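>>> Next come a sequence and a model predicted from it.
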Amino acid sequence: MAWDTARTRQALLDAAVHEFADRGFDGARIDAIATRAGVNKERIYQYFGNKQQLFGHVLETELERISTTIPVTVEQAADLGDYAARLYDYHRARPQFIRLLHWEGLRNGNEPALKEAERTATYSSRVRALAEAQANGTLDPGLEPDTLFYAVLALASWWFSVPQAVRMIYGGAPGPEAERAGLVRLVRRLAGQEGREGREG
């Protein structure tokens, strides 16, 4: 029977996402990834190289996934609250991405990140979209576009970054619907888009 290389690679990547997200690079184990995937660990070295290269593949895959799933265009910036809501939904459905970024930051500090130039270009395109929306009047120019974009990213992910702080601030977890609705209102206010109709349900 022919070996299904594509399926095996995907199974290993899926297993590695969870292992690295749960334990970080240093705590993750190749044996555990192979066991979770139901694949001999030698396949990991065959397909991805070493542990560092596997982590790079995982992070690159997750970056591409969120970049294509939640893009930012000038048209979408017309309701920045809607963008924040979609980002919140993504993180709630796939919290591993935030954890991977945290582990990357903790491990690398101020060292250059994986594919930093390409990632910088992606962020820059988002900032330019906000700047253009400000220029055409659909987005308030009160904040610099890079500051505004950073604020939206931070606000949408904070719920999943430090859930213990959210619980203490609110006296208990507000629940996804309340969190999401509050985020939408806050981002629209930051963007000067109060009263804008968008996706809140």
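Right, received. Where do you want to start? Numbering: from 1, shown residues only.
>>> quick one, strands of this protein?
Under the criterion DSSP state E, the chain carries no strands.
>>> Could you report the pLDDT at Thr5?
Note for Thr5: predicted pLDDT of 87.
>>> Which residue is the nearest non-sequential neighbour of it?
In space, and not counting its chain neighbours, Thr5 is closest to Tyr47: 7.7 Å by Cβ to Cβ, 6 or more residues apart in numbering. C-beta coordinates here come from the backbone N, C-alpha and C atoms, glycine included.
>>> Could you report the distance from the nearest residue to Thr122 once chain neighbours are set aside to Ala15?
Using Cβ to Cβ, 6+ apart and skipping residues adjacent in sequence, the residue nearest Thr122 is Ser67, 5.8 Å away. Here Ser67 is placed at a distance of 22 Å from Ala15 (Cβ to Cβ, to the nearest Å).
>>> Trp103 too?
The value you get for Trp103 to Ala15, if Cβ to Cβ is used, is 16 Å.
>>> what residues are up against the residue nearest the centre of the chain?
Centroid-nearest residue in the chain, with Cα atoms, centre = their mean: Phe97, separated by 4.8 Å. By Cβ atoms under 8 Å, 6 or more residues apart in numbering, the residues touching Phe97 are Glu62, Arg65, Ile66, Tyr90, His91.
>>> What are the buried residues along the helix ranked longest in the chain?
The longest helix of the chain (DSSP state H) is helix 5-27. Within helix 5-27, the residues scored as buried using 16 or more other Cβ atoms under 10 Å are 8-9, 11-21, 24-25.
>>> picking up where we left off before, would you confirm that the residue nearest to Thr5 contacts Gln10?
No. Using Cβ atoms under 8 Å, Tyr47 is not in contact with Gln10, being 10.3 Å away.
>>> for this structure, which spans come out with low pLDDT?
Applying pLDDT under 70 to the chain flags the ranges 1-3, 196-201.
>>> the domain parsing of this protein - what is it?
By the assignment in automatic domain parsing, the chain contains the domains 1-50, 70-190.
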